[in-house]
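In: Prediction below, plus the sequence it came from.
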Amino acid sequence: MSMITYAQNIKLFTEEANKGNVKAQYNLGLCYSEGKGVAKDLQQGAYWYRMAAENGFASAQNALAYCYKNGKGVAQDYKQAVYWFQKAADQGDEFAQYGLAVCYDKGQGVEQDYTQAFSLYQKAAEKGLAVAQHNIGICYATGQGVKQDYTKAVIWYRKAAEQGRPTAQNDLAICYHYAYGVEQDYTQAVYWYRKAAENGYAEAQNSLGYCYEHGDGIKQDISQAIYWYRKAADQGNEKARRNLDNIEQKN
């Protein structure tokens, strides 16, 4: 929706929201929260999210939970965040299931419980949420909340990676590079490092540079190694800076 369209719809959203239309209340909260078609006002955003949330609208419950979690438009309150995440998660909202999982994972507003976090990540992951799929992979790789299983970690990393999530692409590359849960395959490692690197992920840029420097899975090319090390170093990656220094010392 364009800014012009948002501006044109503010009046309609307001009229419908005041009549109790929950979708309009949610949309009005979104407009105020993001400054779409109206001056940005986080308090008004939270107000309208609450109106829709109290009327049972799951997306608004999730949005209000994030307001409480991040202190946007309301005082930060992790317990209230958990309360509203739970409301939306109970309705099957995968974004809320993920948000609630993070709260259990980090012990924010609720007692830390890795098993419960895994269960909620899995619910969201099975609905196709890439960030949750990646976190399920991490749980399997680390044995956090579930029995360690690198083979299953790879399955979930791949699901998230194929949706374009760079951190998952990098983790999948690492699995191929070092034979975690799959047979070692430098070519596949390079493929996924490149995907993540082209998405701007510094750690993958450094690893791709390493592959070029050492000829792992690709023809050795020092100029390409320098190119990718520099891309990562420019983002503050210390490993890449050291690797650049090492190349300069050799030459």
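Out: Structure's in. What do you need?

In: For Gln97, give its distance to Gln184.
Out: 35 Å (C-beta to C-beta, to the nearest Å). Bear in mind the C-beta positions are built from the backbone N, C-alpha and C, glycine included.

In: Likewise for Tyr227?
Out: According to C-beta to C-beta, Tyr227 stands 25 Å off from Gln184.

In: same deal with Gln163?
Out: Distance of Gln163 to Gln184, computed by C-beta to C-beta: 25 Å.

In: my guess is Ala17 contacts Tyr47, does it?
Out: No: using C-beta atoms under 8 Å, Ala17 is not in contact with Tyr47; the gap is 10.2 Å.

In: Would you mind identifying the next helix or strand past the one helix or strand His177 maps to?
Out: Element membership for His177 (DSSP states H and E) is helix 166-178. Using DSSP H and E, the next helix or strand after helix 166-178 towards the C-terminus is helix 186-198.

In: which parts of the helix or strand following that next one are buried?
Out: Scanning forward in sequence from helix 186-198 by DSSP H and E, the next helix or strand is helix 202-214. When neighbours are counted by 16 or more other C-beta atoms under 10 Å, the buried residues of helix 202-214 are found to be Ala202, Glu203, Ala204, Gln205, Asn206, Ser207, Leu208, Gly209, Tyr210, Cys211, Tyr212, Glu213.

In: and what of stretch 179-186?
Out: Here stretch 179-186 shows Tyr180, Gly181, Val182, Tyr186 as buried, counting by 16+ other C-beta under 10 Å.

In: ranges for the helices of the stretch 51-200 of the chain?
Out: Listed in chain order, the helices of the stretch 51-200 of the chain (DSSP state H, counting those that start in this stretch) span 58-70, 78-89, 94-106, 114-126, 130-142, 150-161, 166-178, 186-198.

In: residues in contact with the third one?
Out: The set of residues that contact helix 94-106 without belonging to it, under C-beta atoms under 8 Å, 6 or more residues apart in numbering, is 58-59, 61-62, 65-66, 69, 78, 81-82, 84-89, 108-110, 112-114, 116-121, 123-124, 127-129, 131-132, 135.

In: Let me see the contact set for the spatially most central residue of the chain.
Out: By C-alpha atoms, centre = their mean, the chain has its centre lying nearest to Val131, at 4.4 Å. Taking C-beta under 8 Å, 6+ apart as the contact definition, Val131 lies against Tyr98, Ala160, Arg165.

In: Can you give me the distance of it to Tyr178?
Out: 24 Å.

In: which residues does Asn243 contact?
Out: So Asn243 contacts Asn206, Gly209, Tyr210, Glu213, Ala225, Tyr229 (C-beta under 8 Å, 6+ apart).

In: Does it belong to a helix, a strand or coil?
Out: State at Asn243, reduced to three classes by DSSP: H, G, I helix; E, B strand; the rest coil: helix.
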